[in-house]
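Trainee: Requesting a structural model of the entry that follows:
(2 chains)
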Amino acid sequence: MLQYGVRKLAHTLLVALGVVTLVFAALRLSGDPAATMLPGDASVDELVALRKTLGLDRPIPVQYVSFLAGAVTGDFGISFRHQQPALGLVIDRLPATLELAFAALVLAVVVAVPLGIIAALNRGRLADVLAMAFAVVGQATPYFWMGIMLILVVSVELGWLPTSGRGTWAHLILPAITLGTHFAASLARLTRTAMLEVLGQNYVTTARAKGLPERTVILAHALKNASVPVITLIGLQFGTLLGGAVVTETIFAWPGVGRLAVQSIFVRDYPVVQAGVFVLALSFVGINLLVDLLYGVLDPRIRTEDTA
Amino acid sequence: MRRLRWPLLLPALPVIVAVAAALLAPWVAPASPTSGNLAARLRPPAWISGGSGTRLLGTDLLGRDLLSRLIWGARISLLIALAATVLGAVVGSLIGLVSGYYRGRIDRVVTKLIDVQLAFPFVLLAIAVIAVAGASIPVLVIVLAIGSWVGHARIIRGLVLSLRERDYVQAARALGADTPRILFRHLLPEILSVILILATFDVGRIIILESTLSFLGLGVQPPTPSWGSDLRDAAAYVRQAWWTSVFPGLAIMVVVLGVNLVGDALRDALDPRTQSRARA
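Mentor: Numbers count the residues shown, from 1 in each chain, chains lettered A, B, ... in the order given. Modelled structure (predicted):
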């Protein structure tokens, strides 16, 4: 298990390096940040001066190395708007984003996994049809529209929950539903498929034949083995959740990293955009490492496979 | 090939309506999508008191006809989705084809690239690129294609890896067929149905992503009508005028639902091997 963990960690560091490179490529090769940051009526002299301040007049490989150095030491420059280190601003907002993403994740798992199991056990019957209808509609609904509709119905019409901000549990409910529904939809589908596959296996028949109670068969024998693809999806989708958090935060004025990054684009606060994208992408890489390690625990066969 | 089941027609209906609206927008839209009458702003839909018979779905904050904006918005949203889907599918399939066929160093580079991009939430990538390149329709199409090539490349690569060992490919090689001929005459037809299925699911995903970016203000810019950017304005006054928020979102949902169900049906008909897991 230790060897497996080390191998996974090495792989993660490699991917993290790739992610940093991709952030660099996206930010430096898609245009001139200095031109984006200055107002439209800025003079050429101002442009040249800003390019020099930002170090954009240096060759690309040199910029890349100093970007890497900055990423390792956590130095992304000073926010123009807040006059503080960009990374600090982002880190301050990170707990809010993670709180929202985890709430959505928990909500999705709590709703979708039982839904998928019930659908699989009642294949072709009404419960299955309803569960899959929920899944198909959920997958077709954009986050932001879901959020607007929830605000319209639950907050404006019924007046039950606050429309925006962060603070109490009540503030968390609508954003978590908004962010979690899409994920719950795909998770329910996958849980159903994985359960159907496992329920047809010989060891499930054996477990039933030796007279184990149905509860034990489903929870201990079927669900544990169906959980590997389900956990894969949870890990993979966490990134989608972080992306969706950007949208959800914007709708509900949730003070997280995503909202900060989007607002920073409009005020041309480039260091903050850079730091925000970097921190969210790295959180995603970290979560995937956790998921990989969890696999090794759930399915001992994976530990010995060559995963490099 | 199994026969297409009859319920296919039902999910296909919204897709057909949206495509027809997009193609025929200048003729079927009852009013101009961009010029409004400020005196008639925020009129409710026709069936609610205060609504007007000529403004079927009501008007928005600037007094523009909502139905007309939806119809013209279909044109923009579907055009972007189609362009990005085709671009992503062509680039991704080509990369997958070459990488799976040649293996070796090219393949190692491609698989690393796929790994890295999968480790990167798409919306963040879009934000990074659009923050620098600015928000415009061409940038949007390229960004969306960057988000979708990976799925194609990964699956096509896997397929080609196994197909290249088949007897008929070996035979073609033994008979002296050159590589482009093997790739495009022998391998491509074999994987075309998979590409088609993947692309269909991409259309739905990309419509949602496009509307999301436009909603954030990073995509289609006003006054160009698009379902996502219309919702950006509408969300601000959802209390006063629910219809401006409800209908554009409903349009996105119903069309994406239709596209996805058509994709499901296509997959069942063309390729029984791929399980529903492929799109979960």
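Trainee: excluding its backbone neighbours, what's nearest A:Val156?
Mentor: Nearest residue to A:Val156 in three dimensions, chain neighbours excluded: B:Arg239, at 5.4 Å (Cβ to Cβ, 6 or more residues apart in numbering or on different chains). C-betas here are computed from N, CA, C, even on glycine.
Trainee: The one you found touches A:Ser155, doesn't it?
Mentor: No - the criterion here is Cβ atoms under 8 Å, and B:Arg239 misses it with A:Ser155 at 9.3 Å.
Trainee: Give me the more crowded residue out of these two.
Mentor: Neighbours per residue, other Cβ atoms under 10 Å in any protein chain shown: of B:Arg239 and A:Ser155, the larger number sits with A:Ser155, 18 against 13.
Trainee: Can you tell me how far A:Arg28 is from chain B?
Mentor: Look at A:Arg28 and chain B: by Cβ to the nearest Cβ, to the nearest Å, they are 8 Å apart.
Trainee: can you pull the contacts of the residue nearest to that residue when sequence neighbours are not counted?
Mentor: Nearest residue to A:Arg28 in three dimensions, chain neighbours excluded: A:Gln63, at 6.5 Å (Cβ to Cβ, 6+ apart). Counting by Cβ atoms under 8 Å, 6 or more residues apart in numbering or on different chains, A:Gln63 makes contact with A:24, A:28, A:55-56.
Trainee: Tell me the one of the residues you listed nearest chain B?
Mentor: Top of the list for closeness to chain B, among these and by Cβ to the nearest Cβ, is A:Arg28 at 7.7 Å.
Trainee: for the helix or strand encompassing the closest one, packing partners?
Mentor: Here A:Arg28 is covered by helix A:2-29, with elements defined by DSSP states H and E. Other elements packing on helix A:2-29 under the criterion 3 or more Cβ pairs under 8 Å, 6 or more residues apart in numbering or on different chains; DSSP states H and E are helix A:60-73, helix A:270-298, helix A:300-304, helix B:104-118, helix B:122-133.
Trainee: So what's the gap between it and the chain middle?
Mentor: 17 Å (Cα atoms, centre = their mean, to the nearest Å).
Trainee: cool, stretch A:276-288 as well?
Mentor: That offset, for stretch A:276-288, works out to 8 Å (Cα atoms, centre = their mean).
Trainee: Any chance you could give me it in PDB, C-alpha atoms only?
Mentor: Output of stretch A:276-288 as PDB, limited to C-alpha atoms (Å, rounded to 0.1, in the frame of the first residue of the first chain):
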ATOM      1  CA  GLY A 276      -7.700  31.700  -8.400                       C
ATOM      2  CA  VAL A 277      -7.400  29.400 -11.400                       C
ATOM      3  CA  PHE A 278      -4.200  27.900 -10.000                       C
ATOM      4  CA  VAL A 279      -5.600  27.200  -6.500                       C
ATOM      5  CA  LEU A 280      -8.800  25.700  -7.700                       C
ATOM      6  CA  ALA A 281      -7.000  23.500 -10.300                       C
ATOM      7  CA  LEU A 282      -4.600  22.300  -7.600                       C
ATOM      8  CA  SER A 283      -7.400  21.500  -5.200                       C
ATOM      9  CA  PHE A 284      -8.800  19.300  -7.900                       C
ATOM     10  CA  VAL A 285      -5.500  17.500  -8.400                       C
ATOM     11  CA  GLY A 286      -5.300  17.000  -4.600                       C
ATOM     12  CA  ILE A 287      -8.800  15.500  -4.400                       C
ATOM     13  CA  ASN A 288      -8.000  13.100  -7.200                       C
END
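Trainee: What residues sit buried inside that stretch?
Mentor: Residues of stretch A:276-288 classed as buried: A:276-285, A:287-288 (neighbour count, 16 or more other Cβ atoms under 10 Å in any protein chain shown).
Trainee: Contacts (any at all) between chain B and that stretch?
Mentor: Yes - remark: stretch A:276-288 sits within contact range of chain B at A:277, A:280-281, A:284-285, A:288, by Cβ under 8 Å from any Cβ of the partner chain.
Trainee: helices and strands around the strand or helix carrying A:Thr193, which ones?
Mentor: Take DSSP H and E as the rule and A:Thr193 turns out to sit in helix A:169-199. Secondary-structure packing of helix A:169-199 (3+ Cβ pairs under 8 Å, 6+ apart): helix A:86-121, helix A:126-140, helix A:143-150, helix A:223-252.
Trainee: Mind putting the contacts of A:Gln63 into CSV with neighbour count and pLDDT?
Mentor: CSV is the format used below for those (neighbours: other Cβ atoms under 10 Å in any protein chain shown; pLDDT from 0 to 100):
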residue, neighbour count, pLDDT
A:Phe24, 19, 80
A:Arg28, 18, 73
A:Gly55, 13, 74
A:Leu56, 17, 76
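Trainee: what does the stretch 1-150 of chain B put close to chain A?
Mentor: Taking Cβ under 8 Å from any Cβ, the part of the stretch 1-150 of chain B that reaches chain A is made up of B:112-113, B:115-125, B:127-134.
Trainee: For stretch B:35-50, the averaged confidence score.
Mentor: For stretch B:35-50, mean pLDDT rounds to 72.
Trainee: Buried residues, it. List them.
Mentor: Within stretch B:35-50, the residues that qualify as buried are B:36, B:40, B:42-45, counting by 16+ other Cβ under 10 Å.
Trainee: got the contact list for the closest residue to chain B within the stretch 201-308 of chain A?
Mentor: In the stretch 201-308 of chain A, the residue that lies nearest chain B is A:Gly243 (3.3 Å; Cβ to the nearest Cβ). Listed by Cβ under 8 Å, 6+ apart, the contact partners of A:Gly243 are A:258, B:121-124.
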